[in-house]
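**Student:** Quick one, structure for this:
(one chain, ligands or ions: 1)
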Amino acid sequence: MDADSVFTPSQELATQAHADDAQYKALYEASIADPDAFWDEHGKRIDWIKPYSQVSDVSYDAGNLHINWYADGTLNASVNCLDRHLQSRGDQTAIIWEGDDPNDHRHISYRELHEEVCKFANVLKANGAKKGDRITIYMPMIPEATVAMLACVRIGAVHSVVFGGFSPDALAGRIQDCDSNMVITADEGVRGGKPIPLKANTDAALANCPDCTSCIVVKRTGGNIAWVEGRDVWYHEAMQVAAADCPPEEMNAEDPMFILYTSGSTGKPKGVLHTTGGYMVYASMTHHYVFDYHDNEIYWCTADVGWVTGHSYIVYGPLANGAVSLMFEGVPTYPDSSRFWQVVEKHKVNIFYTAPTAIRALMREGDAPVKTCDRSSLRLLGTVGEPINPEAWMWYHEVVGEKRCPIVDTWWQTETGGIMITPLPGATATKPGSATRPFFGVKPVLVDGDNNPLDGAVEGNLCIDHSWPGQMRTVYGDHQRFIETYFTTFPGRYFTGDGARRDEDGYYWITGRVDDVLNVSGHRMGTAEIESALVAHQHVAEAAVVGYPHDIKGQGIYAYVTLVAGIEASDALLAELRQWTRKEIGPIATPDLLQWAPQLPKTRSGKIMRRILRKIAANEFDQLGDTSTLTDPAVVDDLIENRQNR
Ligand code: 6R9
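**Tutor:** Okay, the predicted model is just below:
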């Protein structure tokens, strides 16, 4: 492939799309020239109970940090996703659910979803939930997960969705961190034909969460589970007696809407807090423009609702826009690696949004599994979660999209609430591997290590100047950590933790994290988290975790482990440590490679030289650079000799 390939939107698409290039440029310039006027205008896409009088009130000054959007307006997010559509599209499908088993699917209309949400909101209240409470949702990808989220926001409770792949310990930590008093789960999930013991995991977690006193359980499989009388409630039994009328709680625009835990470079995961008004405006607006959503189109985002992508682009953005949102319970390779395309054919999907890791994994299976399915309904493809390599981009474009569908490579973060750097399908000429240009109102800036903005074609640390409505407002329960993590490295700017390059055309190419955060199959993992899980094992004295290039996952997890004196390294212990991290955090944190390190390379001040460990893990040990500051350079020779990635 020509490295400089450019794919320009067709004239036809430019005409039909919500924005062509000239409109993008005009709107973008307006959004930067007078952000308040711009966001005043676009704030109207959301239905307000009481209109706002002030658009933004923001300061990035660490001494006085505050971020407020539409602060005196009031609204309810569930009304924006449901009630306001009842008259115009009550019988239209809101959610197409495709089960893990290809024979399972359901269509749920806006009217049905509204009724289910109202009933469940009454169930929550009957079980003691009230405005401001934090409610944990630990669910498989079934419609009840969406119902639970919308029911929480209907009554003003703050949901914290925990990905169903997390372990009981990880779940317990998240329940405790936000003082959640209720958890909503299912008996079991099903993925790839295998059951996932969600209720058993919840039971194990709740053993360490004395303040979490109620547990609502959706019956998904009917599998055998334990039951705690007085704490556990069946969803279907409670729903049977619940009233279908539930007036929405009037929420302030800046009232908390949800918490989502994400990994940082240090310490335990942070509870990213999003508030109501700005988040809804931003999620719905980005969904409208980036996916160029038109009425009645079938839109499918393959993410899990346990991640931010599921929040903004399965639930809140699409439903606020009255879209048909497809929700998939399964995995791309079950029953076989044709599954995604079978679902596209079955439901005539028009817009398809997935992760580069899935594309790379499917690409490895060849073109045949794709080509056996009819993809003529597809008109737009998207990616998110990590940089996409140009080869995977081209395969997605040529094989999946039959060269007909534009690709939107969308860069954003849990913290940003919605898409930040992205092509618009009718406007932006795309280059494989580039997230291209900023969305309206987003002002990216590349800075050097001293916070000097860099002009022109250059590489630097990616910051965002000025706030946007979807921005996170704080780290739940730790505002100081919010300020320190995002606003002190480069004062006066929001620091993303990513590096990026800008080319001659002003396009952005995300180069990856510049901190100790790994991106494994599009999932964020802090190296510190995995290290602390490893050292919690009685035989481990010290551990250092780094990422290394991995063909499918993007990055793999490479752990260097120093054992306690007197403990013998063995294959059995290696298997035990892998199992241990699974148990401590979850399967996604399992080290791909683990090396016994009699010692770790350290500077004289005792800091682990991660730069060296990264090079050895990448099998690039001939480029170690300066090792003269090490206390004992011989340590490195041993590590090279016994390296695991060859
Ligand atoms: C939405 C989401 C955020 C981190 C982010 C960056 C990486 C996401 C990307 C991308 C290159 C893209 N990332 N999208 N890198 N190109 N299109 O993924 O949120 O889980 O918080 O991860 O993912 O490194 O900083 P989150």
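**Student:** first to last residue in stretch 529-542, what's the distance?
**Tutor:** Stretch 529-542 stretches 13 Å from its first residue to its last (C-alpha to C-alpha, to the nearest Å).
**Student:** what distance separates it from the centre of its chain?
**Tutor:** Distance of stretch 529-542 from the chain centroid (C-alpha atoms, centre = their mean, to the nearest Å) equals 27 Å.
**Student:** With stretch 198-208 instead?
**Tutor:** What separates the centre of stretch 198-208 from the centre of its chain is 24 Å, taken as C-alpha atoms, centre = their mean.
**Student:** In the longest helix seen in the chain, which residues are buried?
**Tutor:** Assignment by DSSP state H gives helix 110-126 as the longest helix of the chain. For helix 110-126, a neighbour-count test (16 or more other C-beta atoms under 10 Å) marks 110-125 as buried. Every residue, glycine included, has its C-beta placed from N, CA and C.
**Student:** Contact partners for the nearest residue to Ser109 once chain neighbours are set aside?
**Tutor:** In space, and not counting its chain neighbours, Ser109 is closest to Asp91: 5.2 Å by C-beta to C-beta, 6 or more residues apart in numbering. Shown in contact with Asp91 (C-beta atoms under 8 Å, 6 or more residues apart in numbering): 109-111.
**Student:** do Thr496 as well
**Tutor:** By C-beta under 8 Å, 6+ apart, the neighbours of Thr496 are 413, 415-416, 462-464.
**Student:** what mean pLDDT would you report for stretch 336-343?
**Tutor:** Mean per-residue pLDDT for stretch 336-343: 97.
**Student:** same deal with stretch 37-48?
**Tutor:** The average pLDDT for stretch 37-48 rounds to 98.
**Student:** again with stretch 391-404
**Tutor:** 97.
**Student:** What's the end-to-end length of it?
**Tutor:** 17 Å.
**Student:** ok so, going back, for the buried residues of helix 110-126, which one is nearest Ala427?
**Tutor:** Tyr110 (29.9 Å; C-beta to C-beta).
**Student:** What pLDDT is listed against the residue nearest to Ser109?
**Tutor:** pLDDT, Asp91: 98.
**Student:** How much space separates it from the ligand?
**Tutor:** From Asp91 across to the ligand, the span is 33 Å (C-beta to the nearest ligand atom, to the nearest Å).
**Student:** swap in Gly73?
**Tutor:** Distance, Gly73 to the ligand, using C-beta to the nearest ligand atom: 26 Å.
**Student:** one step back: closest to Pro491 among the contacts of Asp91?
**Tutor:** Of all the contacts of Asp91, Pro491 sits closest to Tyr110, with 46.1 Å by C-beta to C-beta.
**Student:** these two touch, right, that closest one and Ser78?
**Tutor:** No. Applying C-beta atoms under 8 Å as the test, Tyr110 and Ser78 come out as separate, 11.8 Å apart.
**Student:** Look at the closest residue to His523 other than its chain neighbours and tell me its secondary structure.
**Tutor:** In this structure, His523 finds its nearest non-sequential neighbour in Ile588, 5.0 Å apart by C-beta to C-beta, 6+ apart. Classification of Ile588 by DSSP: H, G, I helix; E, B strand; the rest coil places it in helix.
**Student:** From the contacts of Asp91, pick the one nearest the ligand.
**Tutor:** Tyr110 (26.4 Å; C-beta to the nearest ligand atom).
**Student:** where does the stretch 101-250 of the chain come near the ligand, residue by residue?
**Tutor:** Within the stretch 101-250 of the chain, no position is near the ligand by C-beta under 6 Å from any ligand atom.
**Student:** need the helices for the stretch 101-250 of the chain, in chain order.
**Tutor:** Counting by DSSP state H, counting those that start in this stretch, the stretch 101-250 of the chain has helices at residues 110-126, 143-155, 168-177, 198-206, 235-240.
**Student:** want to throw those helices into JSON lines with mean pLDDT and distance to Tyr560?
**Tutor:** Converted to JSON lines, those look like this (pLDDT from 0 to 100; distance: least, C-beta to C-beta, whole Å):
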{"stretch": "helix 110-126", "mean pLDDT": "98", "distance to Tyr560": "46"}
{"stretch": "helix 143-155", "mean pLDDT": "98", "distance to Tyr560": "38"}
{"stretch": "helix 168-177", "mean pLDDT": "97", "distance to Tyr560": "23"}
{"stretch": "helix 198-206", "mean pLDDT": "98", "distance to Tyr560": "29"}
{"stretch": "helix 235-240", "mean pLDDT": "98", "distance to Tyr560": "45"}
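**Student:** of those helices, which approaches Tyr70 most closely?
**Tutor:** Counting by C-beta to C-beta, Tyr70 lies closest to helix 143-155 out of the helices of the stretch 101-250 of the chain; the figure is 16.1 Å.
**Student:** so how far is Val564 from Arg578?
**Tutor:** Between Arg578 and Val564 the computed distance is 18 Å (C-beta to C-beta, to the nearest Å).
**Student:** burial of Gly606, as a residue count?
**Tutor:** 7 (other C-beta atoms under 10 Å).
**Student:** In this structure, where is pLDDT below threshold?
**Tutor:** 1-4 (pLDDT under 70).
**Student:** try it again with 80
**Tutor:** Scanning the chain for pLDDT under 80 picks out the ranges 1-4, 265-267, 603-607, 625-631.
**Student:** And for it, the residue most distant from the center?
**Tutor:** For the chain, the largest distance from the centre (C-alpha atoms, centre = their mean) belongs to Gly566, which lies 42.3 Å off.
**Student:** for Arg154, what are its contacts?
**Tutor:** 76, 78-79, 117-118, 121, 246, 248-249 are the contacts of Arg154 under C-beta under 8 Å, 6+ apart.
**Student:** switch the cut-off to 6 Å
**Tutor:** Residues near Arg154 by C-beta atoms under 6 Å, 6 or more residues apart in numbering: 78, 121, 248.
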